[in-house]
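>>> Starting from these lines, generate the structure:
(3 chains)
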Amino acid sequence: MIVQAICFYLFAAITVASGVMVIAARNPVHSVLFLILAFFNAAGLFVLAGAEFLALILVIVYVGAVAVLFLFVVMMLDINFVELRQGALQYLPVGALVGLVLLVELILVFGAWVAGPEVAQSIAAPLPLATNVTNTAALGQLLYTRYVYVFQASGMILLVAMVGAIVLTLRARTDVRKQDINVQVGRRRADTLEIVKVRPRQGV
Amino acid sequence: MNDALPSFVPALPEMFLAASAMVLLVLGAFQRGPHVAREIGWLGVVALAVTAALVMSFGYERKVSLYGMMVTDGFGMFMSVLTLIGAGFAIVMAMRFNEREGVARFEYPVLVLLSTTGMLMMITANDLISLYVGLELQNLALYVIASFQRDQTRSSEAGLKYFVLGALSSGMLLYGASMVYGFAGSTNFDTLAHTLEASNASIGLIIGIVFVAVGLAFKVSAVPFHMWTPDVYEGAPTPATAFFSIAPKTAALALFVRVMIYAFGELVDQWQQIIMAISVASMILGALAAINQRNIKRLMAYSSIGHVGYALIGLAAGTPAGVRGILVYMAIYVFMNIGTFGVILCMRREGRLVEGIEDLAGLARTQPMLAAALAIFMFSMAGIPPLAGFFAKFYIFMAAIDARLFWLAVLGVVTSVVGAYYYVRIVKIMYFDEPKGAFDPGIGREMQAVVLISAMVILFFIVFPSPIVGAAELASATLFPG
Amino acid sequence: MADFWQGYALPVVITVAEIVAIIVPLLVAIAYLTYAERKVLAWAQLRKGPNVVGPFGLLQPIADGAKLLFKETVIPSGANRVVFLAAPILTFSLSLMAWAVIPFDKGVVLANINVGILYLFAISSLGVYGIVMAGWSSNSKYAFLGALRSAAQMVSYEVSMGFVIVTVLLCAGSLNLTAIVEAQRTIWYAIPLLPMFVVFFISVLAETNRSPFDLPEGESELVAGFFVEYSAMSFALFYLGEYGSMILMSAMTSILFLGGWLAPFNLEPFTGLAAHLWAGFWFALKVALVLFCFLWVRATVPRFRYDQLMRLGWKVFLPFSLFWLVLTAGVLVTTGWLPK
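Down below sits the predicted model:
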């Protein structure tokens, strides 16, 4: 068990440290790279918790796709981040205040944790035992039965996001020439080619 | 642990609406022609009508389904139908506007349909998770609709502002919801209603409820979480503003009522003061801040803030009568807003949209019918009998008095009187000021119909109040179990 | 002390030995893959290929390796040092990491995890970081353009690759690689899922930035693309990484579609216990076959233009693989072949 404990502290420490570096790094690209490191270690924590499916989905979706696009954009940005950062300092007191309030609330809340006797019984969605099914199957069983309604609705949200992105950014440009493969393939000799018998000294 | 796929029949309206949105999306993408947007728009209206019929086919009976994720009851039915009516009118109103502004794209009705799907989900949510998912579905579509005129800075700005503040409020809602889950052990409204008792309400639970309430107050734009409303209402394209002020507000208020009255009904002592404070602040700000406005869309924003304040009195009362008051209020509010925005959309001079209140000067001489319609809506909003707006306020104040919230009722009456000033000022400008030049004629047949229908509802509510009031009576009863 | 030895040290030693047993042959295979590539290309172009160093030029890869090892590593002055050096290491180690879950025979696998296929997919989707980091940190426009191309390309083709994998998962009913191979006892998935096999193979070409999708390198317009600034060992690591991931992807293809270590025919002497003797042989043969296709394609197909590449990925493969996914699911459900 000690190995697991060591792994936990290792992953947790790196997650937190890279989380700090995300906001502390001077270079935005470094920030994104640290963010990726944080994702990665969070995935490690999932593995330790026995949720290997979630761990790998985290890596595939966040690290493999989302963060790549993020990095892509950040690399192309030409913003002087040092200047931006200077402005950020003046909001520090407000931010700190909000953070403090949230912290106090959390302390208050967890300090005074009173749960009624019925609460334990009403814990939502008891999971199938991990020993019986793999956690991929367990997730599937819940998602497609108990939570199928919200699962499908989440799909609708993604559809809206896609429609929205297209509505707001797609412009049908008329000044660019595009390759239309159907037109190219559909070209017939008769449409484009004319064979002319050219006699000497008469021209076409 | 052998859960089966649940029966989807109760979610039929939502599913039908979502499916028709997708069908229309594909249809629009492959359709060529100058009137695609209009055709898709009318098909969207048909889809909304069918959905309304489906919603009504379930009746008033309360039924929980889909593993407790959703509930169909009279309250949900009433609010759903109201939302669907609002969305239908919003599509119709947008057609001509979008064509004239050069943004006639078929995605507009599709987004309205998708957003309405989210609203139906919100209204019938019986779980904090389905509540949140529905809310996000609605909101995401609304952000896009707000910035639909993407070439105008104002519109893009409105969309962005709406997005940032909407995301903030969703965050608060989630924070609250997770607190509630942590302390109550469930996100299901039924379980919450059964297990929560006033005696063992812990501080964490109350903080959770407060955050949920804050998130919802954002969505209904109640003071002090209203700051996005004027900017978004002013910047968004006018038909979008009309839609914002009608459908999402109805849905969010329905959600607010269901969460507070049903899920946290036992803890009424804990949340009543918050709602009262929000309600009072909204009424006062709605009445005072509107006075100085010169832009009519901004004025409507403040007016809607005030109206939400009145509606929240009914929630503060926390009684069946209060809920009935809210239902009646929202029904009338929807029609008043549809009509008013119908008139605003007709305010065009030399091909350009005008939004200043002064631009209405002398409308009575140039377009008497339009002026008369707007006058009806304004008097109704001010709450002057015998128009419908009076009865809306009447039921709310009655409920407040029944619940012994006398000072709230008194304050409501006082702010209505103050608010009447700016409504009546518009009527004065239309009837007694010198004309500044006529608006463009030819407002289109569908706009005439929209304005006419809503004016009729407002005018003749006094003669036939029973369809709305009776339905509201039955609907509000379903929210209070046993 | 004995406890410590039994509980911790021994497993560690065994695991390390297993890792070495996988990596050393792998590195040799990578070295000789470069040799094979040059030979295959040479035959395709009616040349002889490397034939000077050693018999038939067999020592050529080793000579190349030694040369690269002893060259000076040049770091451009404007480069972002840490990222610049981390990129090739990342690329190379990723191409080795994935081998942890590759089964060579039933039970012959370093880590037989339940979600092996997801692990493979995750690792292969991380490959893009090495390229993007290299391109960005080199502080050179050619490298940067190469990196951007590669990021867009790899993300695009991952989508259809994911759908292909899901189709295979539907048929196999498991995410475990061993189980996927065992499920192909009746028939290799390359046959019923032939269109998906083709889509997968082409996506793999794009995912590994191999010709005809080698736009990130694109030597005719981008000099050498993302690794134009690299030299000596850091360059060699990219090179090794690229060939390593080629072998990895071939292994993945043969596991998903070609029945992994299973013999192609159920005859003596390939049945019973003897099957285990042959397992490694069949697996290696299939991997080599797929690798040959890589080289064959490179020798014969011209490079895609960038818009054609994107069009193929998003407008052809994505809808097609989605359609096949739905079709496969439908067939499995209606015929009741869905694995329990």
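
>>> roughly how far is the helix or strand containing B:Val112 from the heart of the chain?
Using DSSP states H and E, B:Val112 falls within helix B:107-123. Average the C-alpha atoms of helix B:107-123, do the same for its chain, and the two points are 13 Å apart (CA atoms, centre = their mean, to the nearest Å).

>>> mind listing what's buried in the helix or strand following that helix?
Once helix B:107-123 ends, the next helix or strand along the chain (criterion: DSSP H and E) is helix B:128-146. Neighbour-count burial for helix B:128-146, with 16 or more other CB atoms under 10 Å in any protein chain shown as criterion, is recorded at B:128-146. No exception for glycine: its C-beta is placed from N, CA and C like everyone else's.

>>> Ramachandran coordinates for C:Asp105?
Comment: the main-chain dihedrals of C:Asp105 come out as phi -160, psi 170, following degrees, to the nearest 10.

>>> Tell me, how many residues neighbour it?
Close neighbours of C:Asp105, defined as other CB atoms under 10 Å in any protein chain shown, add up to 19.

>>> Return the set of residues that bridge with it.
C:Val108 (DSSP bridges).

>>> From chain A, how far off is it?
With distances defined as CB to the nearest CB, to the nearest Å, the gap from C:Asp105 to chain A amounts to 22 Å.

>>> thought that residue was touching C:Phe281?
No - counting by CB atoms under 8 Å, C:Asp105 sits too far from C:Phe281 to count as a contact (10.2 Å).

>>> Determine the three-state secondary structure at B:Val64.
When the structure is split into helix, strand and coil by DSSP: H, G, I helix; E, B strand; the rest coil, B:Val64 lands in strand.

>>> Can you show me the helices along chain A?
Taking DSSP state H as the test, the helices found in chain A are A:2-24, A:28-48, A:52-57, A:67-76, A:81-88, A:92-111, A:135-141, A:148-169, A:181-186, A:189-192.

>>> Which elements pack onto the last one?
The helices and strands touching helix A:189-192, judged by 3 or more CB pairs under 8 Å, 6 or more residues apart in numbering or on different chains; DSSP states H and E, number zero.

>>> and it, how far out from the chain's middle?
Here the centre of helix A:189-192 is set off from its chain's centre by 50 Å, with CA atoms, centre = their mean.

>>> Identify the spatial nearest neighbour of the residue in chain A that chain C sits nearest to, chain neighbours not counted.
At 3.1 Å from chain C, A:Gly64 is the closest residue in chain A, using CB to the nearest CB. With CB to CB, 6 or more residues apart in numbering or on different chains as the criterion, A:Gly64 has its nearest non-adjacent residue at 3.1 Å, and that residue is C:Ser125.

>>> Tell me which residues touch the one you found, please.
Shown in contact with C:Ser125 (CB atoms under 8 Å, 6 or more residues apart in numbering or on different chains): A:Val59, A:Ile60, A:Val63, A:Gly64, A:Ala65, C:Met154, C:Glu158.

>>> rerun that using 7 Å as the cut-off
Residues near C:Ser125 by CB atoms under 7 Å, 6 or more residues apart in numbering or on different chains: A:Ile60, A:Gly64, C:Glu158.

>>> same thing with B:His307?
Applying CB under 7 Å, 6+ apart to B:His307 gives the contacts B:Tyr333.

>>> ok, and it, which helix or strand is that part of?
Under the criterion DSSP H and E, the helix or strand holding B:His307 is helix B:296-317.

>>> give me the number of residues near the nearest residue to B:Thr229 once chain neighbours are set aside?
Computed as CB to CB, 6+ apart, the closest residue to B:Thr229 that is not its neighbour in sequence is B:Ser221, at 4.2 Å. When counting by other CB under 10 Å, one arrives at 28 neighbours for B:Ser221.

>>> Could I get the phi/psi values of B:Ser221?
Summarising the backbone geometry of B:Ser221 under the convention degrees, to the nearest 10, its torsions are phi 50, psi 60.

>>> how much space between it and chain A?
For B:Ser221, the distance to chain A equals 21 Å [CB to the nearest CB].

>>> and if you look at B:Ala37?
The separation that B:Ala37 has from chain A, given CB to the nearest CB, amounts to 12 Å.

>>> ok, now C:Ala236?
With the distance defined as CB to the nearest CB, C:Ala236 ends up 23 Å from chain A.

>>> Name the residues of the helix or strand that that residue is a member of that come out as buried.
Assigned by DSSP H and E, C:Ala236 belongs to helix C:232-256. Within helix C:232-256, the residues that count as buried by 16+ other CB under 10 Å are C:233-256.

>>> Ok, stretch B:186-206 next?
Along stretch B:186-206, the positions that meet the burial threshold by neighbour count (16+ other CB under 10 Å) are B:186-192, B:195-196, B:201-202, B:204-206.

>>> mind putting those in CSV, pLDDT and secondary structure included?
Formatted as CSV, the entries for those read as follows, by pLDDT from 0 to 100; DSSP: H, G, I helix; E, B strand; the rest coil:
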residue, pLDDT, secondary structure
B:Ser186, 82, coil
B:Thr187, 86, coil
B:Asn188, 87, strand
B:Phe189, 88, helix
B:Asp190, 87, helix
B:Thr191, 84, helix
B:Leu192, 84, helix
B:Thr195, 78, helix
B:Leu196, 75, coil
B:Ala201, 70, coil
B:Ser202, 75, coil
B:Gly204, 78, helix
B:Leu205, 82, helix
B:Ile206, 84, helix
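
>>> With distance to A:Val167 added, can I get those residues in JSON lines?
Putting the buried residues of stretch B:186-206 into JSON lines (distance: CB to CB, whole Å) gives the following:
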{"residue": "B:Ser186", "distance to A:Val167": "38"}
{"residue": "B:Thr187", "distance to A:Val167": "33"}
{"residue": "B:Asn188", "distance to A:Val167": "36"}
{"residue": "B:Phe189", "distance to A:Val167": "34"}
{"residue": "B:Asp190", "distance to A:Val167": "39"}
{"residue": "B:Thr191", "distance to A:Val167": "40"}
{"residue": "B:Leu192", "distance to A:Val167": "38"}
{"residue": "B:Thr195", "distance to A:Val167": "44"}
{"residue": "B:Leu196", "distance to A:Val167": "42"}
{"residue": "B:Ala201", "distance to A:Val167": "45"}
{"residue": "B:Ser202", "distance to A:Val167": "45"}
{"residue": "B:Gly204", "distance to A:Val167": "41"}
{"residue": "B:Leu205", "distance to A:Val167": "41"}
{"residue": "B:Ile206", "distance to A:Val167": "41"}
